[in-house]
Structures are given as C-alpha cells and as structure tokens.
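A.B. asks: here's a sequence, model it:
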Amino acid sequence: MSPYLKGETPMNRNRYRDLMDDIEAVLGERKRMLTIDEFAALSGRNRQTVWQWCASDKLPATQTMRGGRYLINYRQLLDFFPEVAA
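C.D. replies: I've put the predicted structure just below:
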C-alpha cells in the first residue's frame with residue numbers, strides 16, 4: 001500500500017509542506033483549515049470575493065453549521081491558485 005494519501009505524490013507532498021511553511025510564516029501557526037479571512041490574506045484576494053466563492057460552491061469549503069462560518073482546507077490554495085506554488 002502506498003504511504004501517500006489518495007492522489008498524493010512525493011512532489012505534491014513537498015508542495016504541501018512548502019505551502020504549510022508559508023502559512024506558518026504569514027499566520028504564525030500551522031493550520032490545515034483556514035477561515036475566509038486567512039484564505040483571503042494568503043491568496044491576496046478580497047475577503048468578500050472568497051466568501052462569495054464559498055457560498056456559490058466555486059471554492060470547496062465546509063460550513064461549520066447552517067449559516068455558520070466557512071472553513072477551507074489549506075490545499076485549496078494550490079488547487080484553486082496554482083500560481084501560489086510557483
């Protein structure tokens with residue numbers, strides 16, 4: 001059995017590790033789930049734009065409860081903005 005998660009390769013693991021290092025540098029801690037404000041800060045996008053993407057399902061996110069806040073997996077930074085990894 002592969003030691004990697006489904007769809008994960010050694011190259012992706014390095015990209016995710018580097019991304020987590022960037023998250024820690026900006027936010028001061030390592031976080032797998034990001035709030036809209038954190039995602040906006042890391043991606044350079046407007047908070048309202050990120051919220052609209054989540055609300056319209058353009059950006060995959062988990063809502064904590066109906067009408068609650070959105071949480072976005074940190075990997076969406078690479079999936080949604082490939083240029084972040086460059």
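A.B. asks: okay, the residue most central in space within the chain and Glu38: tell me how far apart.
C.D. replies: Nearest to the geometric centre of the chain sits Tyr74, at 2.5 Å (Cα atoms, centre = their mean). Here Tyr74 is placed at a distance of 9 Å from Glu38 (Cβ to Cβ, to the nearest Å). Where C-beta positions appear, they are placed from N, C-alpha and C, glycine not excepted.
A.B. asks: which residues are common contacts for those two?
C.D. replies: Lys31 (Cβ atoms under 8 Å, 6 or more residues apart in numbering).
A.B. asks: list the contacts of the helix or strand that Leu71 is a member of.
C.D. replies: Following DSSP states H and E, one finds Leu71 within strand 70-73. Strand 70-73 is contacted by residues 32-36, 39, 50-51, 54-55, 59-64 when judged by Cβ under 8 Å, 6+ apart.
A.B. asks: re earlier: Arg13 versus the residue nearest to the centre of the chain, what's the distance?
C.D. replies: Taken as Cβ to Cβ, the span from Tyr74 to Arg13 is 14 Å.
A.B. asks: circling back: weed out the non-buried ones from the contacts of strand 70-73.
C.D. replies: Leu34, Thr35, Ile36, Phe39, Val50, Trp51, Cys54, Leu59, Ala61 (16 or more other Cβ atoms under 10 Å).
A.B. asks: thought Cys54 was touching the third one, still the case?
C.D. replies: Yes. Judged on Cβ atoms under 8 Å, Ile36 makes contact with Cys54 at a distance of 6.7 Å.
A.B. asks: same question for the top helix by length along the chain, mean pLDDT?
C.D. replies: Ranked by residue count under DSSP state H, the longest helix found in the chain is helix 10-27. Taken as a whole, helix 10-27 has an average pLDDT of 84.
A.B. asks: for it, packing partners?
C.D. replies: Counting contacts by 3 or more Cβ pairs under 8 Å, 6 or more residues apart in numbering; DSSP states H and E, helix 10-27 is packed against helix 36-43, helix 76-80.
A.B. asks: rerun at 10 Å
C.D. replies: With contacts taken as 3 or more Cβ pairs under 10 Å, 6 or more residues apart in numbering; DSSP states H and E, helix 10-27 sits against strand 33-35, helix 36-43, helix 76-80.
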